[in-house]
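> Sharing a model that was predicted from the sequence below.
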Amino acid sequence: MKNIDEIHQMVFQEIEEQNEVLEPKELYEPIWYSLKSGGKRLRPVLVLLGCQMFSDDLNEALKPALGIELFHNFTLLHDDIMDKAFLRRNKPTVHIKWDINRAILSGDAMAIQANIFISSCHHKILPEVLRVFNKTALEVCEGQQYDLNFEIRNEVTVPEYMNMIKLKTAVLLAGSLKIGAIIGGSGGRQADLVYDFGFDMGMAFQLQDDYLDTFGNPETFGKKIGGDIMVNKKTFLLIVAKERANPQQLKELTSWYSNEDHDPEEKIAAVKKIFYDLEIDRLTREQVVLFSKKALLTLEKIDTGIDRKQELVNFTNKLIYRVS
């Protein structure tokens, strides 16, 4: 059995091997720039971990795993254009380094190449793998649209937010695991359980990311704390805070989130104080633990040896206490 570090190295090596000099370079340079700009490589690692639960041969899953990573980076590239973002992983975004037209076209090429890599799996399982991938890809687009809708709405409910992160984040983690499981030889109910595990783990992952953006340690989180507060993002933290706030707290939150002339540090400090007063840190962590434990209960139902599931158990437990 390979551990996560070994599997991560397999993904890294596969990315390096695929870094060919292709023409026109104006199309392919942004693709490899985006793909090699860092990131956790979580989704391709999950493809291989899903495969490892049912098979010792991970080579069949390597190209599809890279396809999932290409698809994920394609969504980030286009998200950055929509968000008018200047930085991604502390480097200039593709549309800033080059231009919007090249970013859009390179993103389109990434999506197509993702399909090519994912379609490289055995022809007997190809229809099911493509069904999972295409359903997941469409749901990710739906999640992005809901996220865009939230930007122009004054109020968002907790169920609406949970549905958005389900589509934008959780389904891709779940789909990555399920695709790996199918390639590894799983089918039917077992593959569905793998998906259910990945879904709850994905919900925990996103809620923990929301938590860390406000309450994390900037030295370990890897980016400035309070980014969601500064851009007035409607996260689980803000939505619950507005539901629990007294009239004075609600008035203060509304003022901080409606006026763009505030000093950034002052705004972050003031909003964090309200969050702490309302115990939003505790409530968010409770949700992370709830989804993580639910994921682990599902993992126990999967009919394969504990040794084949241990890395996913370790990963989920680490997620609960994640600080970066």
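Structure's in. What do you need? Numbers count the residues shown, from 1 in each chain.

> and the helix or strand Val288 falls within, what other elements does it pack with?
Element membership for Val288, per DSSP states H and E: helix 280-301. Under the contact criterion of 3 or more C-beta pairs under 8 Å, 6 or more residues apart in numbering; DSSP states H and E, helix 280-301 touches helix 188-215, helix 236-244, helix 306-320. Any C-beta I mention is one placed from the backbone N, CA and C, and that applies to glycine too.

> quick check: angle from the longest one to helix 306-320?
I take that to be helix 188-215. Using axes from the mean of the first three to the mean of the last three C-alpha atoms, to 10 degrees, the inter-axis angle of helix 188-215 relative to helix 306-320 is 20 degrees.

> Quick check: buried residues in helix 188-215?
Residues of helix 188-215 classed as buried by neighbour count (16 or more other C-beta atoms under 10 Å): 190-191, 193-215.

> now do the last one
Within helix 306-320, the residues scored as buried using 16+ other C-beta under 10 Å are Arg308, Lys309, Glu311, Leu312, Phe315, Thr316, Leu319.

> Quick one: these as CSV, columns for pLDDT and distance to Cys121 too.
Output for the buried residues of helix 306-320, formatted as CSV (pLDDT from 0 to 100; distance: C-beta to C-beta, whole Å):
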residue, pLDDT, distance to Cys121
Arg308, 93, 20
Lys309, 94, 22
Glu311, 92, 22
Leu312, 93, 21
Phe315, 85, 23
Thr316, 87, 26
Leu319, 76, 28
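
> of these, closest to Glu286?
Leu319 (14.4 Å; C-beta to C-beta).

> who's in contact with the closest one?
Going by C-beta atoms under 8 Å, 6 or more residues apart in numbering, Leu319 touches Met201, Ala204, Phe205, Gln208, Val288, Ser292.

> The nearest residue to Gly202 once chain neighbours are set aside and Ala270: what is the separation?
Leaving aside its sequence neighbours, Gly202 sits nearest to Ala170 (C-beta to C-beta, 6 or more residues apart in numbering; 3.2 Å). For Ala170, the distance to Ala270 equals 31 Å [C-beta to C-beta, to the nearest Å].

> out of the two, which sits in the more crowded spot?
Ala170 (24 against 17; other C-beta atoms under 10 Å).

> Tell me which residues touch that one, please.
Taking C-beta under 8 Å, 6+ apart, one finds Gly198, Phe199, Asp200, Met201, Gly202, Met203, Phe205, Gln206 in contact with Ala170.

> In CSV, list those along with pLDDT and distance to Ile112.
Below are those laid out as CSV (pLDDT from 0 to 100; distance: C-beta to C-beta, whole Å):
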residue, pLDDT, distance to Ile112
Gly198, 97, 25
Phe199, 98, 27
Asp200, 97, 31
Met201, 96, 29
Gly202, 96, 25
Met203, 97, 30
Phe205, 94, 27
Gln206, 95, 27
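
> Most widely separated two among those?
By the measure C-beta to C-beta, Gly198 and Gln206 form the most distant pair in the contacts of Ala170, at 12.4 Å.

> possible to save the helices and strands packed on helix 280-301 as CSV with distance to Ala174?
Shown next, in CSV, are these (distance: least, C-beta to C-beta, whole Å):
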stretch, distance to Ala174
helix 188-215, 3
helix 236-244, 19
helix 306-320, 12
